[in-house]
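Enquirer: structure, please.
(2 chains)
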There are 2 protein chains.
Amino acid sequence: MNKMRKIKGGVCAAEGFVAGAAGCGIKTGEITRDDLAIIFSGASGSAAATFTTNKVKAAPVRISAEHMRTGRARAVVLNSGNANACTGPNGLADARSMAAATAKALGVKPSQVLVCSTGRIGVPMPMPAVLKGIPSVKLGRSGGTPAARAIMTSDTFAKEFALEVTTHDGHFRIGGMAKGAGMIDPNMATMLCVITTDAIVAGTALRTALRESVADSFNRITIDGDMSTNDTVILLANGTSGILPSPKIFRHALDTVTRALARMIVEDGEGVSRFVEVEVRRAATGPDARRAAEAIANSTLVKCAWAGGDPNWGRILDAVGYSGVKMSEARTDIFYDELPVAAGGVASQTPGKKLRQIAAKKAFRVTVDLKVGKASYVVWTTDLTEEYVRLNLGE
Amino acid sequence: MNKMRKIKGGVCAAEGFVAGAAGCGIKTGEITRDDLAIIFSGASGSAAATFTTNKVKAAPVRISAEHMRTGRARAVVLNSGNANACTGPNGLADARSMAAATAKALGVKPSQVLVCSTGRIGVPMPMPAVLKGIPSVKLGRSGGTPAARAIMTSDTFAKEFALEVTTHDGHFRIGGMAKGAGMIDPNMATMLCVITTDAIVAGTALRTALRESVADSFNRITIDGDMSTNDTVILLANGTSGILPSPKIFRHALDTVTRALARMIVEDGEGVSRFVEVEVRRAATGPDARRAAEAIANSTLVKCAWAGGDPNWGRILDAVGYSGVKMSEARTDIFYDELPVAAGGVASQTPGKKLRQIAAKKAFRVTVDLKVGKASYVVWTTDLTEEYVRLNLGE
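Expert: Sure thing, here's the model as predicted:
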């Protein structure tokens, strides 16, 4: 009955949303690329957002959280080149000014505008350039891709994904854009994402759906909820399609969008050469499954082995061992894709050549079967390359 | 009254201890270097040991823990090239055979021999070569350095340190050797250490002293107690000097040895170019101070910035923020050596050039002053270099 079809358009795929971008020279003072984007809904609707749980929150996060209290956001202004983080009271005033200038340009209230920033931290936002840029943004239905490009930092491609969902009543659309790169699994990749839909979804339902969907997508690519100072996921629903999907249908569509964008973020991680899905199965508890999966995904040594195409299992078993979860070495099986690399805590009989072929692929799956319970958890991660280190040597 | 003097001799500095090494070709089958070492006390005394807390424990750890139940160990046999970890029941039998063969060669009981292994994991120990090597080890008072060399893996120098302590009664000696390298802070560097002393120290006092001293030295260079499958620290006291030092004097001497060896391990970490002491001050609680210090020390992004000589503070503040400790961005000061890099959560007025000079040094100190309590904690860590990744790409 319900059919989902991938469509183009990103944040402008849904009816009633327009977007645009402009160049302000935020990072260097010189305008060489677009670094400012605005997304706007002509109709008012409901909004939901999740923000970083880091205790150090960037100014735009604080201002957006304040504006979300009304749940009535209709616009988002985003910039790359400067995170407006660790900038003190001046930074807060700057984020507020960005919302106010955008609201003025769009003819809405400042509290209806959310602000997202990404880029260098601890550096004041170059406000004259930003305030000059905001009214120069030309909004239109074709602005999705330019907006997705404007928020890129070390991303190598613009991340967009959209769906048209056909229900028995008619169709609605949902689409989004994201930027990630930086570190993928762990500490400090600013991850920004804006998703728009023309479905009718009430505020409470929208917030629940977003929270749960983020937990199953973007939060699968972080450690223990570790997040940057700026991480933000925004979902705007303007109801323009006239379709009120069932919570289940809406959630399924939203999950498809968030998972697609989350996967793009991992694949485009700085210096990444492998995408690895890590599943821990039959753990004693859900938290155990997650803890073990994250210990593997965040082990520098495991990630280095993957970078070298080494189907290492000793480092994986070791990571599970120090994660503190209930396990017994003698029971644990480890697989690369479907092939056992270790069985009962010792090397399997699988020929090394076959395992090395899997570990040499751009994407593979590592499964750890603990056989002590029924819980499982999946995380998406990457290898750790010399290129990654080079990209992060500092400024 | 008490005087400590640095002396040579490593594990043979203390009276009554002999050591030696031999080559068995454990890693490759070809004898190109010494890879087996034995340390032996002519007199019986007391012994203490701490082992990895990893749930995945190598066979030699299990056998040594079993033999430690008597507290009467007089000898240690160590090998590099093979960790005898993740080797199942055969691995246990092999570790037991190593103890038995060493006991036979020395004329003691197998339960008086401890076993340490380091090297590749998941690969059976080449027992014929090892059993041939054990009786060939020539023990002597000059064997400390050959033994320290034989246990090196990717270490670039042999790690030895010894002291002569003069008390009002006369002098005693304490010295040791260690191997580290691999990962320093975190997951899986096998860290082996043997310390010997000719002081008279009863078993219970010896165990307490070792446990506390390890907590203040080797455990400062790991995360959350994360340890490899093989980590072992052994302390043998044979009483040959006839000196019974006060617990305070003995502990001070032991701490000096463990801290010197721990620092050598960090400095010789794989691909390391910077030694960084991280102190978190005025945290709300002791665990908070430790958690924040370890979050900084284990942040891949912070470590990459250090590798690049970048006196980055935003990444440090971010790490403190996601560590979950009680903190307020606006109160937090961050220093490189004695110079503030951030004050009250924003950039300080210190000239960037001065800060970059500090961050370019081979060793510096980062201090984070949270100003929310009275607890502090220090960890020792390093940068993360491309060389590190290269060394760990797998086999």
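
Enquirer: setting aside sequence neighbours, what's the nearest residue to the residue in the stretch 51-200 of chain A positioned nearest to chain B?
Expert: Proximity to chain B, evaluated over the stretch 51-200 of chain A using CB to the nearest CB, is greatest for residue A:56 at 3.1 Å. All C-beta atoms are positioned from the backbone trio N, CA, C, and that covers glycine. With sequence-adjacent residues excluded and distances taken as CB to CB, 6 or more residues apart in numbering or on different chains, residue A:56 is closest to residue B:321, at 3.1 Å.

Enquirer: picking up where we left off before, surely the residue of the stretch 51-200 of chain A closest to chain B and residue B:319 touch.
Expert: No: the criterion here is CB atoms under 8 Å, and residue A:56 misses it with residue B:319 at 9.1 Å.

Enquirer: settle it for me: which of these two has more neighbours?
Expert: residue B:319 (28 against 25; other CB atoms under 10 Å in any protein chain shown).

Enquirer: low-confidence stretches in the stretch 251-395 of chain A?
Expert: With pLDDT under 70 as the threshold, the stretch 251-395 of chain A has low-confidence stretches at A:393-395.

Enquirer: per-domain residue ranges of chain A.
Expert: The domain map for chain A lists A:3-265, A:275-391, with the assignment taken from automatic domain parsing.

Enquirer: adding distance to residue B:112, write those out as TSV.
Expert: Supplementary listing: the domains of chain A in TSV, determined by distance: least, CB to CB, whole Å:
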stretch	distance to residue B:112
domain A:3-265	44
domain A:275-391	27
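
Enquirer: so which residues on the stretch 1-150 of chain A come close to chain B?
Expert: Listed as neighbours of chain B in the stretch 1-150 of chain A under the rule CB under 8 Å from any CB of the partner chain: A:53-57, A:85-88, A:120-123.

Enquirer: try it again at 6 Å.
Expert: By CB under 6 Å from any CB of the partner chain, the part of the stretch 1-150 of chain A that sits against chain B consists of A:54-56, A:86, A:88, A:121-122.

Enquirer: now intersect the residues you listed with the helices, please.
Expert: residue A:88 (DSSP state H).

Enquirer: can you list the residues of the stretch 1-150 of chain A next to chain B in JSON lines and add pLDDT and distance to residue B:381?
Expert: Formatted as JSON lines, the residues of the stretch 1-150 of chain A next to chain B follow (pLDDT from 0 to 100; distance: CB to CB, whole Å):
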{"residue": "A:54", "pLDDT": "87", "distance to residue B:381": "21"}
{"residue": "A:55", "pLDDT": "89", "distance to residue B:381": "22"}
{"residue": "A:56", "pLDDT": "89", "distance to residue B:381": "20"}
{"residue": "A:86", "pLDDT": "91", "distance to residue B:381": "22"}
{"residue": "A:88", "pLDDT": "92", "distance to residue B:381": "28"}
{"residue": "A:121", "pLDDT": "83", "distance to residue B:381": "21"}
{"residue": "A:122", "pLDDT": "86", "distance to residue B:381": "22"}
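
Enquirer: element containing residue A:368?
Expert: Residue A:368 is located in strand A:363-369, with elements delineated by DSSP states H and E.

Enquirer: right, and residue A:262 touches residue A:215 too?
Expert: No: using CB atoms under 6 Å as the test, residue A:262 is too far from residue A:215 to be in contact (11.1 Å).

Enquirer: the more surrounded of the two?
Expert: Higher neighbour count among residue A:262 and residue A:215: residue A:262, with 27 against 13, using other CB under 10 Å.

Enquirer: so what's the more buried one up against?
Expert: Residues in contact with residue A:262, defined by CB atoms under 6 Å, 6 or more residues apart in numbering or on different chains, are A:217-218, A:221.

Enquirer: phi, psi of it?
Expert: Residue A:262 adopts backbone torsions of phi -60, psi -40, taken as degrees, to the nearest 10.

Enquirer: excluding chain neighbours, what is closest to it?
Expert: Nearest non-adjacent residue to residue A:262, counting by CB to CB, 6+ apart: residue A:217, 4.2 Å away.

Enquirer: cool, residue A:174 as well?
Expert: If the residues on either side of it in the chain are set aside, residue A:174 comes closest to residue A:197, at 4.0 Å by CB to CB, 6+ apart.

Enquirer: what about the strands in the stretch 251-395 of chain A?
Expert: In the stretch 251-395 of chain A, strands defined by DSSP state E, counting those that start in this stretch lie at A:275-283, A:333-336, A:339-343, A:346-347, A:363-369, A:375-382, listed in chain order.

Enquirer: appreciated, that's everything.
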